[in-house]
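# Just a sequence and a predicted model for now, questions to come.
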Amino acid sequence: MTGALFITDPLPGLQADIDASIGLMVATQDLGLDVWTCEPEELAFADGRVRARARRIRLRPRAAGTDHRWIVDATWFDDLGTAVVDVASFGLVHLRIDPPVDARYLHTTYLLDHAGTRVINHPEGIRALHEKLIALRFPELCPPTYVGTDPHALRSFVAQVGTAVVKPVDGFAGHGVWLVRDDPGAIALLESATYGGRRQVIAQQYLAAVAQGNKRLFLLDGELVGAVIRRPAAGDFRIGPPVAAAEIDDHDRAIVAALGPELRNHGLAIAGVDVIDGRLIEVNVTCPGGMHKTDALLGTHLSHTIVSHLFEGALV
């Protein structure tokens, strides 16, 4: 069997006009390859093989809009039928379920250890390098950071740095993110963020330059293939959609040089690296996104570059 299997959350829940997984599917189809999808619950191991109850789909045509969204039919794919297939028969398997890396996610990676073909990103790599904590391997590249559960210790950290961004270690997509200032209300916020000291959070010094934008660097097998600026919405400190192409500077190059070998060694072929004011913030590897939005906004071909490289072994 040729083509790729995409392990995703339920297809009706994907945002067809922006979702990076769909961009990778479109690029796969454009190479003349079959696109198959399944959910984690449709994987099983038996007789030494991993099999999937998967459906083959055909992506409908789409066109770039006026911003980061694609123009696409409400029904964005055609279902070509379902079959039980050997996962090893695919040229590539994309693990594209959203974080957090919870029991559902981890159990899926354990099955995919036995896939018999290349899995992007590699299950062992995802388990070894937690995307919220990879940056801790490079403290010289990061803003001051504290990871823990104790609200009072976190309060001391906030006092040291003035203002901190606090987020759950198992969070994603801006959920549960707090901006905590050095004021009398800080301890109450930190007790809420940590569930009274029962949940681990990561706190980083707030960088005011985020108002000018955060850079998302796109890495492919450890090499930089694109970058975009994302800006928060008015009145929000969290990162918004892409708004412009990003210029690469020496800080970005240093971050890529440090991260690249680590990502390659762990089979993390696709990564989205977040940088604010030259400081490394986060390395997205569980279900890295932003490529499809960037392609719509800038007319780039990141999704096609990624898929072509992964299937053909060479950047195009």
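It's in. Numbers count the residues shown, from 1 in each chain.
# Tally up the residues packed near A64, please.
14 (other Cβ atoms under 10 Å). For glycine as for every other residue, the C-beta is placed from the backbone atoms N, C-alpha and C.
# where does it sit relative to T149, distance-wise?
45 Å (Cβ to Cβ, to the nearest Å).
# same thing with V273?
For V273, the distance to T149 - Cβ to Cβ - is 27 Å.
# So the two - more neighbours on which side?
V273 (25 against 16).
# The more buried one pairs with what?
Beta-bridge partners recorded for V273 (DSSP bridges): L217, V283.
# L220 is in contact with that one, correct?
No - contact criterion Cβ atoms under 8 Å: V273 and L220 do not qualify, at 11.5 Å.
# Poorly predicted segments of this protein, please.
1, 173-174, 234-236, 238-239, 313-316 (pLDDT under 70).
# Which residue ranges of it form helices?
20-30, 103-112, 123-128, 151-161, 186-193, 250-265, 291-298, 302-312 (DSSP state H).
# elements contacting the fifth one?
Other helices and strands packing on helix 186-193, by 3 or more Cβ pairs under 8 Å, 6 or more residues apart in numbering; DSSP states H and E, are helix 151-161, strand 163-168, strand 178-181.
# Reformat those as CSV; add mean neighbour count and distance to G116.
Below are those laid out as CSV (neighbours: other Cβ atoms under 10 Å; distance: least, Cβ to Cβ, whole Å):
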stretch, mean neighbour count, distance to G116
helix 151-161, 17, 45
strand 163-168, 22, 35
strand 178-181, 16, 43
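# The ones you listed: which one's closest to A188?
Among the helices and strands packed on helix 186-193, the nearest to A188 by Cβ to Cβ is helix 151-161 (8.9 Å).
# Now tell me what touches that closest one from outside.
Applying Cβ atoms under 8 Å, 6 or more residues apart in numbering, the set of residues contacting helix 151-161 from outside is 144, 146, 148, 164, 166, 180-182, 186-187, 190-191, 193-194, 196-197, 201, 203, 205-206.
# measure A211 to V180 for me?
As judged by Cβ to Cβ, A211 and V180 stand 17 Å apart.
# What of A296?
Taken as Cβ to Cβ, the span from A296 to V180 is 35 Å.
# same thing with Q200?
16 Å.
# what do you get for G289?
From G289 over to V180 (counting by Cβ to Cβ), the distance is 27 Å.
# repeat for G299
Applying Cβ to Cβ to G299 and V180 gives a distance of 39 Å.
# Would you mind checking the contacts of helix 151-161 for buried ones?
The neighbour count (16 or more other Cβ atoms under 10 Å) marks Y146, A164, V166, V180, A186, L190, A193, T194, V201, A203, Q205, Y206 as buried among the contacts of helix 151-161.
# So which of the residues you listed is the closest to G32?
The closest of the buried ones among the contacts of helix 151-161, once distances to G32 are taken by Cβ to Cβ, is V201, at 46.2 Å.
# Let me know whether the closest one touches T194 as I believe.
Yes - counting by Cβ under 8 Å, V201 touches T194, with 5.6 Å between them.
# ok, and for stretch 52-67, which residues are buried?
In stretch 52-67, counting by 16+ other Cβ under 10 Å, buried: A52, A54, R55, R56, I57, L59, R62.
# That stretch spans what distance, first to last residue?
Using Cα to Cα, to the nearest Å, the end-to-end distance of stretch 52-67 comes to 36 Å.
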